[in-house]
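Novice: Predicted structure and sequence below. I'll ask about it afterward.
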Amino acid sequence: MNDDKPESMKESSCQELFNAISDGLAFIDSSDKLEYCNIALAEFLEFDEPSELIGRKLTEFFSSDKATELSIFDRLRDGEKLRYEFIVKTGKGNKKYALIALTPRYDNQGKYIGCFGDITDITELKIIEKASRESEAKYKTLVDNIGVGVAVIDKEMNLLSVNKFLYDAIPNLEVKKNCKCHKTFIQPPRDSICVNCPAIKVFEDGKTHQSIVETPTSADVKSIRLVATPLRNTAGEIYAVIETVEDITEIQRGREQLIQSEKLAALGTLSAGVAHEINNPMAYINSNLITMQKYIKKIDSYIERISSNRDDAYEKIKYILEDFQDAVDESLEGSGRVRKIVADLKSFTRLDRVKTEYADINEGIKSTLNIVWNELKYKCKVETEYGDIPMLFCNANQLNQVFLNILMNAAQAIERNDGLIMIRTWCNSKAIHVSFKDNGSGMTEEVAARIFEPFFTTKEVGRGTGLGMSLSFDIINKHRGIIEVSTKPNEGTEFEIVLPLDGLKQSNEQSEAGDRSDSEINVREAAN
């Protein structure tokens, strides 16, 4: 070693000790130059020997400006111990990260003679931290944009953090102590913690829990699904809960509407069975009425033959028989109508009737009118103009469903007793046209634009599922047809259906050939 090195460094045992330390060690003189450094510092700065660094300033390798460098050594001269993180440029031009601790040195008279430096390589740590920050940023971006609210809740039910989706969804949300999760998610705020809060249950048994809460708003009531999952530390202890908050109002409404649809389907099945059961007693009622009609005629003829003196008794019997005849005739007419309605109801609700066949559209409308007549007769009259149209290859049961949906909507749109529904059918060389026009309340442009959307309805709860016109659109579309609506508020509504003359027959053929677009264009041309 050089003779000008500190006396303490001349001992070989001290050299071995310093070189055995993994951190870089350096003695820096009062002019800020290196007096001595160990092998670890030379390796960190990518030099072959420690001697190559003697006489150089350590700050040469710092990625810092001159002002920072001067500030460091001025503060050391004032007696401060300093600890800094620096980006270091090595002798080979590589970038590393170092944690440098500097301690001032004094002589026996207390004069500043330099400093001692401890340089720790934290390059790998910084790489890990950077990767962790990038991973955290990706995670945050993912959590902020997953489309549901996410909150972290501690054991005292305080919100620790929320994602951007939840923050934006809840006005004036502040993440702070004493901001209770149940008071944030469930409005209006509760004075005590909700017993069904899934976060509480997670802390109790350590399992994932969920619940659905109803939260009233100024407009309606929203359904919120809360799913709480435990967060555990390395010891397996639950220190917090991560809870997702999802608005499932539309899903719940859709579920309720589907349930209603299932009820209607069950009612249809029941109606078919009831119609079958009604047919049996109606058959012998009708048969008995016909027999009674014959007996009345025979009794009348017998009385004519045996009565030579037409006294008052004869006239009374004659009157009774005539009145009896009228009652029987009227009963037969009613019986025939019931049987017709039952037949139409069976045809309409027959679930196994899925095959396509040639059918008379006019007859389908007539049978549908029989079904829905009770809804129409007290509030409107129906005018029909049936054109001379050919038989159509179609699913008649499905088309009757479309006619029923339109007629029911028309009946509900008519709010006075002088309502009118006009039904017309006609055809040209390419298609059959069917028009339903009413003088009801009509619709706005916004409502008309959405009328064929699934689950869209303007009716109050219990009066509509929002599926009728959507299903009608799908049925007409399957028949390669089109259905259009023209309406104005307070001026009524008209639905026009256009069905190609070749019906489903050509549709099936074209489906196999993969040529559907041209057929749709042809229907559009036929509509014009």
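Specialist: Yep, that arrived.

Novice: Work out which residue lies at the spatial centre of the protein.
Specialist: Averaging the C-alpha coordinates of the chain gives a centre point, and the residue nearest to it by Cα atoms, centre = their mean is residue 251 (6.3 Å).

Novice: Am I right that that one falls within a strand?
Specialist: No: under DSSP: H, G, I helix; E, B strand; the rest coil, residue 251 sits outside any strand and is assigned helix.

Novice: what about it, distance to residue 74?
Specialist: From residue 251 across to residue 74, the span is 67 Å (Cβ to Cβ, to the nearest Å). The way it works is simple: take the backbone N, C-alpha and C, and place the C-beta from them, glycine included.

Novice: quick one on the thing from earlier: report the contact partners of the residue nearest to the centre of the chain.
Specialist: residue 223 (Cβ atoms under 8 Å, 6 or more residues apart in numbering).

Novice: From residue 296, how far out is it?
Specialist: Applying Cβ to Cβ to residue 251 and residue 296 gives a distance of 65 Å.

Novice: cool, and residue 110?
Specialist: Relative to residue 296, residue 110 is positioned 143 Å away (Cβ to Cβ).

Novice: May I ask you to confirm that residue 299 is in contact with residue 322?
Specialist: No: assessed by Cβ atoms under 8 Å, residue 299 is found out of contact with residue 322, at 11.5 Å.

Novice: contacting residues around stretch 377-392?
Specialist: Taking Cβ under 8 Å, 6+ apart as the criterion, the residues outside stretch 377-392 that touch it are 358-362, 365, 369, 376, 410-411, 414, 416-427, 432, 438, 499, 501, 503.

Novice: Going along the chain, name the helices of the stretch 201-350 of the chain.
Specialist: Secondary structure of the stretch 201-350 of the chain, counting by DSSP state H, counting those that start in this stretch: helices at 249-306, 312-349.

Novice: who's more crowded, residue 110 and residue 296?
Specialist: Residue environment comparison for residue 110 versus residue 296 gives the larger neighbour count to residue 296, 18 against 7, counting by other Cβ atoms under 10 Å.

Novice: which one is the more buried one nearest to, not counting chain neighbours?
Specialist: residue 325 (5.2 Å; Cβ to Cβ, 6 or more residues apart in numbering).

Novice: Might you report the residue contacts of the one you found?
Specialist: Taking Cβ under 8 Å, 6+ apart as the contact definition, residue 325 lies against 293, 296, 297.

Novice: Mind doing that once more with 10 Å?
Specialist: Residue 325 makes contacts with 292, 293, 296, 297, 300, as judged by Cβ atoms under 10 Å, 6 or more residues apart in numbering.

Novice: for residue 101, same thing?
Specialist: For residue 101, the contacting residues are 23, 81, 82, 83, 84, 115, 116, 117, 118, 119, 120, by Cβ under 10 Å, 6+ apart.

Novice: tell me which element the closest residue to the third one other than its chain neighbours is part of?
Specialist: Spelled out, that is residue 82. Distances taken as Cβ to Cβ, 6+ apart place residue 102 nearest to residue 82, at 4.6 Å, with adjacent residues excluded. Residue 102 is located in strand 95-106, with elements delineated by DSSP states H and E.

Novice: Partner strands of the next helix or strand after that strand and their direction?
Specialist: Beyond strand 95-106 on the C-terminal side, the first helix or strand identified by DSSP H and E is strand 112-121. Paired neighbours of strand 112-121 in the sheet (DSSP bridges): strand 24-29 (antiparallel), strand 95-106 (antiparallel).

Novice: CA atoms of strand 112-121 as CSV?
Specialist: These are the backbone C-alpha positions of strand 112-121, laid out as CSV (Å, rounded to 0.1, in the frame of the first residue of the first chain):
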residue,chain,number,x,y,z
TYR,A,112,-12.9,18.1,9.1
ILE,A,113,-10.5,15.8,7.2
GLY,A,114,-13.1,14.0,4.9
CYS,A,115,-15.8,11.4,5.1
PHE,A,116,-16.4,7.7,5.2
GLY,A,117,-18.7,6.3,2.5
ASP,A,118,-20.8,3.1,2.6
ILE,A,119,-22.1,2.3,-1.0
THR,A,120,-24.8,-0.4,-1.2
ASP,A,121,-25.8,-1.8,-4.6
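
Novice: List the buried residues of that strand.
Specialist: Judged by neighbour count using 16 or more other Cβ atoms under 10 Å, the buried positions of strand 112-121 are 113, 114, 115, 117, 118, 119, 120, 121.

Novice: so the second one touches residue 29, yeah?
Specialist: Yes: with contact taken as Cβ atoms under 10 Å, residue 114 and residue 29 are classed as touching, separated by 4.3 Å.

Novice: quick check: angle from whichever strand or helix holds residue 142 to strand 95-106?
Specialist: Using DSSP H and E, the element containing residue 142 is helix 123-144. Comparing the axes of helix 123-144 and strand 95-106 via axes from the mean of the first three to the mean of the last three Cα atoms, to 10 degrees yields an angle of 120 degrees.

Novice: what helices or strands is helix 123-144 leaning on?
Specialist: Here helix 123-144 is seen to pack against strand 82-89, strand 95-106, strand 149-153, strand 159-162, helix 164-169 when contacts are counted using 3 or more Cβ pairs under 10 Å, 6 or more residues apart in numbering; DSSP states H and E.

Novice: which of the ones you listed is buried the deepest?
Specialist: Mean neighbour counts were taken over those using mean count of other Cβ atoms under 10 Å, and the top value, a mean of 23, falls to strand 149-153.

Novice: So in that sheet, which strands flank that strand, and in what orientation?
Specialist: Using DSSP bridges, the strands paired with strand 149-153 are strand 159-162 (antiparallel), strand 238-247 (antiparallel).

Novice: Good, wrapping up.
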